[in-house]
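Undergrad: just to be clear, the model below is a prediction. Sequence and coordinates:
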Amino acid sequence: MTSSVMDVRNELVRAPDRKLAVAPSTPRLRPLIVPIILLALWEIAAHTGLADPRFLPTLEAIAVRGVKEFAEDGLTSDLTASLARDLLGFVVGASVGVALGLALGFSRLLERLLSPLLLAHRQIALFAWVPLISMWFGGGEAGKLVFIALAAFQPALTNTWQGVAGIPKIYRELSRVLTYDGWDFAVVIALPGALPGIFTGLHAALIYAWTSTVGAELLLDIAPGIGGRMNEGQHLFHIDLLFLCVFLLGLIGMVFNLIAGAAERRLLRWRRS
Amino acid sequence: MSSLAQTFDSDAVKHPLLRIQDVSKAFIVSDRRVQALSHVDLDVEQGEFVSIVGASGCGKSTLLRLILGLDTDYEGAIRLEGRRIERPGLDRSIVFQEHRLLPWLTVEANVGAALRQIKGSGAEKRARVEAQLHLVGLQSFAKAYPAQLSGGMAQRVAIARALVTNPKFLLLDEPLGALDALTRLRLQDELLRIVRNRGATAILVTHDVDEAVYLGDRIVIMSPHPGRIASVLPVPKEMSRDRSDPAFLRLRDDVLTRLGVNKAAAVYDRLLEIPNEQRVH
Amino acid sequence: MFSGPIAGAIEYAGRATNVPRRIGCGLGRIGGLAQGLIVPASLLMAWSVWARLGWLPEQILPPPSEVFGAMRDTIDDGTLLSSTLTSLRRVAEGFFAGAVFGLAFGFVTGASRLAESLFAPLFLTLSQVPTLGWIPILVLFVGIDELLKILVIGWAAFIPVALNTAQGVRDVPRTYLELGRVLSLSRLSTLRSIILPSAVPSIFTGLREGLANSWQTLVAVELIASFEGLGYLMAYGRQLFQLELVLVAMIVVGLIGLSIHLLLSLIESHLQRWNPRGQS
């Protein structure tokens, strides 16, 4: 769960620059070929009974379920609940992570004091914290939020820290030549210089927060939330609900990636030549 | 805002502007002691343009850093207008080999960045920045980002940034080294014009002998291991800045010889087996 | 003591100076090590002291002695070892499967623009779904046995391996490819002598991330849907309110994570010795 996130992110950030067309005869439609074929096969298999309808519902059945869920059975409120949790945890975790990352980048003393602890913390797989956190904070809202914040904290901290530490020596030297005081250095050089790293961290934190939201909801107490619905769908063998939820998860993930990618491109305009 | 700790010397004199006295500096590199500078003496008068040439390792860049005040750990004394140099100050500007423009600032913001520690109204500072950009011919690129500029243009912005603080001293550390030959020639002319225009005092460090002779009023030749001044050659005032002028070529050859790179003389000397110290002076 | 961030910023800017090392740097280095240990050591001490004083209720944090005791017990009765081995085996199998497919897929989509335009968008879309989100569906399809774990862990590894491999193959510098043409190399030779070596750093990055991802996913999967392994041990301890068991499992998880990290760093630095373009 480390930087595969970032790879996907990189692909999406880079996507607008890369053209998919090879030959002018089949331009942008190529990416749709395979999905369309697969969906067609799916439909055929579901309709002709080639596949067990319990395992492969027809696409219309999923759509019908979707309409029903949103209109009556409260999938909207589940989604809202999940997103609310996710964003709250993200904001808390990412803010702490960025703040600490800046502090560590600026203060060598702080870095020396805290880096062993933070390094050790990084070695423990994220989800290993769930049992502990659920014991300390319960399996309800508080526990989920703490876990999501923790998930966002990690990449925000690491990338911000690297962003500050990675400011080239020539710029730091420049600030001395221009007789900058600490404030000028921070405002003119350090913060803008660290901004790419900070953004990378925030993007990753956003994705990690969403991943951990889903995971936490699958693991901890049932409450409003998409994970809870998925658990329910699994127990009741409502596979149409499950497909619907997976689709929604992907949609939300994609929206997050696109938003974060666009924000990065906008704010880091100066990188383009 | 800018404060220079000032240590007054009892025999402070107005000339020369910069006085380097018996400066030596050593580095420890992988547990070995490297003598970067050894007993360097140099005076620079107001309005002079001094070129420093030498092979790598002769300490010329180190010397610039000491004059700049980036490094205060050395023996000897460096005085500007009679006061010891203790730290960087806005009275001394430098243009590095890499332009070192901040990529996230526009051209005019980059030039303006040098004025942050100077008191003044926003309007005054903007006017100064504009004037400098005009001087280097880039006023129409004020809102561009460094990534959009060519190497020569970026270096011109760096020069504008170095001049906007109206420094007493302009230091140039191989400023044209990263540029292609044609741009270099063009910028040499620009540099000459700009510096003459301001009446600024300048020290140029370069490994390009032609450049050193073209721009300088005096040529300081340094040699390495340990870094020291081998000789100082004045450039005759009457000599025209024409690269095909015989006087220019003679001076250039002289410098090359002193650097040990003049092939004809080197072959000749080897034939006669004349030791280095006793060669053409 | 830690001075304000602005003073820290000045100090930070000052690091640009090239100051010759002095004699005291040896002492400085020891000081650096000590500074690193201060925080962990004091936390550890505070933990034991508070537990001893009875200030720390068992549900928050059992005393270190109990944690050690639990560790000894689980080692003695073999549960720790078997759980660890189960978890490691699953990671290995899942990672191996995901990596093999990832390499193949990444290679094909990296080398062929056609393949990329056909398959990459679908792949990217599917990877937007958090890996764990596939679990409920997969449970219904394949149940909770080992296949589930391998599929989920494999998918977690597949994504970074495929992406990085594709990028490595795609980003072979054109100059190298032209060299191959100039030397009239056959397709196979080009592959072997030019494309593969150039792509190795990216491929390795992908493998490294894939392994890290696999490990992370394993822990989650074992918590959600398993009756064996370190994750299960943690869940079990949590159920019985035996925090010392949870902590023991967490420590082992951390140690394995650290070992993976160190092992991969070692391999990477070995690779980087020969390749100045090696990625970090």
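TA: That came through fine.
Undergrad: for the residue in the stretch 101-250 of chain A positioned nearest to chain B, helix, strand, or coil?
TA: Proximity of the stretch 101-250 of chain A to chain B (Cβ to the nearest Cβ) peaks at residue A:192, 4.3 Å away. Glycine gets a C-beta too; all of them are placed from N, C-alpha and C. Three-state call for residue A:192 (DSSP: H, G, I helix; E, B strand; the rest coil): helix.
Undergrad: distance check, it against chain C.
TA: Here residue A:192 is placed at a distance of 13 Å from chain C (Cβ to the nearest Cβ, to the nearest Å).
Undergrad: what's the closest non-adjacent residue to residue 247?
TA: Using chain A. residue A:62 (7.8 Å; Cβ to Cβ, 6 or more residues apart in numbering or on different chains).
Undergrad: look at chain C instead
TA: Excluding its sequence neighbours, the residue lying closest to residue C:247 (Cβ to Cβ, 6+ apart) is residue C:67, at 5.0 Å.
Undergrad: check residue C:66 too.
TA: Residue nearest to residue C:66 in three dimensions, not counting chain neighbours: residue C:244, with 4.7 Å by Cβ to Cβ, 6+ apart.
Undergrad: please read off the pLDDT at residue C:7 from the model.
TA: Residue C:7 is assigned 43 on the pLDDT scale.
Undergrad: so residue B:229 sits in a strand?
TA: Yes - counting by three-state DSSP, one finds residue B:229 located in a strand.
Undergrad: please report the distance of it from chain C.
TA: In this view, residue B:229 and chain C are 22 Å apart by Cβ to the nearest Cβ.
Undergrad: and the helix or strand encompassing residue C:252, what's buried?
TA: Here residue C:252 sits within helix C:243-274, counting by DSSP states H and E. For helix C:243-274, the neighbour count (16 or more other Cβ atoms under 10 Å in any protein chain shown) marks C:243-250, C:252-254, C:256-257, C:260-261, C:264, C:268 as buried.
Undergrad: what does stretch C:115-130 give?
TA: Burial within stretch C:115-130, assessed by neighbour count using 16+ other Cβ under 10 Å, is assigned to C:116-121, C:123-124, C:127-130.
Undergrad: who's in contact with residue C:176?
TA: Going by Cβ atoms under 8 Å, 6 or more residues apart in numbering or on different chains, residue C:176 touches C:194, C:198.
Undergrad: can you pull the residues of chain B lying near chain C?
TA: Residues of chain B that fall close to chain C, judged by Cβ under 8 Å from any Cβ of the partner chain: B:26-28, B:65, B:70-71, B:73.
Undergrad: any idea which of those residues has the most stuff around it?
TA: The most crowded member of these, judged by other Cβ atoms under 10 Å in any protein chain shown, is residue B:65 (22 neighbours).
Undergrad: low-confidence stretches in chain C?
TA: Applying pLDDT under 70 to chain C flags residues C:1-32, C:272, C:274-280.
Undergrad: what helix or strand is the residue nearest to the spatial centre of it located in?
TA: In chain C, the residue lying closest to the centroid (Cα atoms, centre = their mean) is residue C:212, at 2.3 Å. Assigned by DSSP H and E, residue C:212 falls within helix C:196-224.
Undergrad: other SSEs contacting that helix?
TA: helix A:4-14, helix A:191-219, helix C:79-111, helix C:146-170, helix C:229-239, helix C:243-274 (3 or more Cβ pairs under 8 Å, 6 or more residues apart in numbering or on different chains; DSSP states H and E).
Undergrad: how far away from the center of its chain is that helix?
TA: Mean-position distance between helix C:196-224 and its chain equals 7 Å (Cα atoms, centre = their mean, to the nearest Å).
Undergrad: what do you get for stretch B:129-148?
TA: Relative to its parent chain, stretch B:129-148 has a centroid offset of 22 Å by Cα atoms, centre = their mean.
Undergrad: which residue is the nearest non-sequential neighbour of residue C:50?
TA: Take residue C:50 and drop its neighbours on the chain: the residue closest to it by Cβ to Cβ, 6+ apart is residue C:56, 4.6 Å away.
Undergrad: for the one you found, grab the count of nearby residues.
TA: 17.
Undergrad: which SS class is it?
TA: Secondary structure, three-state DSSP: residue C:56 is coil.
Undergrad: which other residues reach stretch B:116-131?
TA: By Cβ under 8 Å, 6+ apart, the list of residues contacting stretch B:116-131 reads A:178-181, A:184, A:188, B:1-2, B:90, B:108, B:111-112, B:115, B:139, B:142, B:160, B:164-165.
Undergrad: in helices only, show me the residues you listed.
TA: A:184, B:108, B:111-112, B:160 (DSSP state H).
Undergrad: give the contact list for residue B:133.
TA: Applying Cβ under 8 Å, 6+ apart to residue B:133 gives the contacts B:107-108, B:111, B:139, B:141-142, B:157, B:160.
Undergrad: that one sits in which helix or strand?
TA: With elements taken from DSSP H and E, the one containing residue B:133 is helix B:122-135.
Undergrad: quick check: the residue nearest to residue A:53 when sequence neighbours are not counted vs residue C:129, distance?
TA: Excluding the flanking residues, the one nearest residue A:53 by Cβ to Cβ, 6+ apart is residue A:46, at 6.6 Å. The gap separating residue A:46 from residue C:129 is 21 Å, by Cβ to Cβ, to the nearest Å.
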